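Visitor: Okay, predicted coordinates and the sequence, questions at the end:
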Amino acid sequence: MNEISTKEINSIEEVKNIFKDAYNKVEEKRAVFLDEIRQLEARAEALRLNMPKSLNWITEYIEPVALLLVSELKVKHFKIVETNDIQKSIELSFFNSDEDLQLERERYKITLIPEDLENVLVHYKTGTTTDKSYKEGTIGALNNMRDKTAPLPLDDIKEVVSIIRDL
């Protein structure tokens, strides 16, 4: 690409013109590439805007299950609280009355963890801990990673009710 080095140079004007021509050719090629990039970015943005949103596992899965559990547990209300921990767990609480709900006196409570939503696998904290210990201040210690979990058998409502009552 270096035309100057392969020619005999007769004047500074010639060097200037060769450089200017080469520069313009490169900039024209770059402009074509940049146009293509802009078109691809615009297409990507259009795709991004039209992409379906992910399902919210809490509102689309747990809330309907909780409504079924309210009837099975013979309680009046349920409440879901996101714990904002590293496991994205939630606390699902059940209340006997409006007053209990207001005072946050739950009758039953279970902590659920979205283990593998693609395969509809949700775990629950069993109420026991493992022998593994985490140093104070570590992510494991701060997120109660010692808590044992087990798959929640969401295909059997009676089993889920039994687990909740036993916690």
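Guide: The structure has been received and is ready for your questions.
Visitor: so what secondary structure elements neighbour the host helix or strand of Tyr124?
Guide: Assigned by DSSP states H and E, Tyr124 belongs to strand 121-129. Applying 3 or more C-beta pairs under 8 Å, 6 or more residues apart in numbering; DSSP states H and E, we find strand 121-129 packed against strand 108-116, strand 147-151. For every residue, glycine as well, the C-beta is placed using N, CA and C.
Visitor: State the mean pLDDT of the host helix or strand of Lys16.
Guide: Using DSSP H and E, the element containing Lys16 is helix 12-50. What helix 12-50 shows for mean pLDDT is 94.
Visitor: I'd like the next helix or strand past it.
Guide: The C-terminal neighbour of helix 12-50 among helices and strands, as given by DSSP H and E, is helix 57.
Visitor: Between strand 108-116 and the following helix or strand past that following helix, find me the angle.
Guide: Sequence order places helix 63-73 as the next helix or strand after helix 57, per DSSP H and E. Between the axes of helix 63-73 and strand 108-116, defined by axes from the mean of the first three to the mean of the last three C-alpha atoms, to 10 degrees, the angle is 150 degrees.
Visitor: what does helix 63-73 contact?
Guide: With C-beta atoms under 8 Å, 6 or more residues apart in numbering as the test, helix 63-73 has contacts from 76-78, 80, 92, 94, 107-108, 154, 157-158, 160-161, 164-165.
Visitor: Now, of those, which are buried?
Guide: Using 16 or more other C-beta atoms under 10 Å as the burial test, these include His77, Phe78, Leu92, Phe94, Arg107, Tyr108, Leu154, Val160, Val161, Ile164 as buried.
Visitor: taking the residues you listed one by one, which sit in strands?
Guide: Using DSSP state E, His77, Phe78, Leu92, Phe94, Tyr108 are the members of the buried ones among the contacts of helix 63-73 that sit in strands.
Visitor: Check Leu55 and give its pLDDT.
Guide: Per-residue confidence (pLDDT) for Leu55: 90.
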